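Peer 1: the following block contains a protein sequence and its predicted model.
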Amino acid sequence: MGYKFCILMISLGCYFFGNHGQETEQVRMTILALNHFKSEANSHFQCRLTPPDNDPNNVIVESLRTGWTRNTAEENPDPPSVVYTTSGRRYHKVDMINNGSNDAFGVFGCKATKNGKKDTVISTTRMRSDGKLS
């Protein structure tokens, strides 16, 4: 068994290391969240693949809700699909549209899949600006 550890990147995501050169290595990806303390604003988060996993033809990236914030599945809709952006820096983007129903808050993320590697799931939190923590 190899080791694994995570370096937290200033609340932007995690970059996974470990088992280099083996098939159990994870896909290398990090997440960048914008406006994560104001979920009522339409915004997006980015899932960025890093070398050697940054060829979009060899990796599948999906968006998902990684944690429920309400009681039922209907109240916890999945985020929109990932869009691969090629203008400027290349990354996978998930547009978070609030739709006036506060459905854009919670724990969201991306899952990256590549043949010969373990899947990587990374998440970010989008909170309401009027939320109360106790």
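Peer 2: Yes, it's here.
Peer 1: all contacts plus neighbour counts: C-alpha atoms, from now on.
Peer 2: Will do.
Peer 1: the most centrally placed residue in the chain is in what secondary structure piece?
Peer 2: Residue closest to the average C-alpha location in the chain (C-alpha atoms, centre = their mean): residue 109, at 2.7 Å. Take DSSP states H and E as the rule and residue 109 turns out to sit in strand 106-113.
Peer 1: now the element after that strand, going C-ward?
Peer 2: Sequence-wise, the next helix or strand downstream of strand 106-113 (DSSP H and E) is strand 120-126.
Peer 1: if you count neighbours, what's buried in that next one?
Peer 2: Residues 120-126 are the ones in strand 120-126 that count as buried (16 or more other C-alpha atoms under 10 Å).
Peer 1: over to stretch 62-74?
Peer 2: Residues 62-66, 68 are the ones in stretch 62-74 that count as buried (16+ other C-alpha under 10 Å).
Peer 1: so what touches it?
Peer 2: 76-82, 94, 105-112, 123 (C-alpha atoms under 8 Å, 6 or more residues apart in numbering).
Peer 1: what subset of these is buried?
Peer 2: 76, 78-79, 81-82, 94, 105-112, 123.
Peer 1: looking at those residues, spot the one nearest residue 130.
Peer 2: residue 105 (11.4 Å; C-alpha to C-alpha).
Peer 1: max pairwise distance over the buried residues of strand 120-126: which two?
Peer 2: Going by C-alpha to C-alpha, the pair spanning these furthest: 120 and 126, at 19.9 Å.
Peer 1: quick one: residues contacting residue 79.
Peer 2: Counted by C-alpha under 8 Å, 6+ apart, residue 79 has contacts 63-65, 94-96, 104, 108.
Peer 1: where does confidence bottom out across these?
Peer 2: Lowest pLDDT of those: residue 104, 77.
Peer 1: follow-up on the earlier one: filter the contacts of residue 79 down to just the ones in helices.
Peer 2: Using DSSP state H, no member of the contacts of residue 79 falls within helices.
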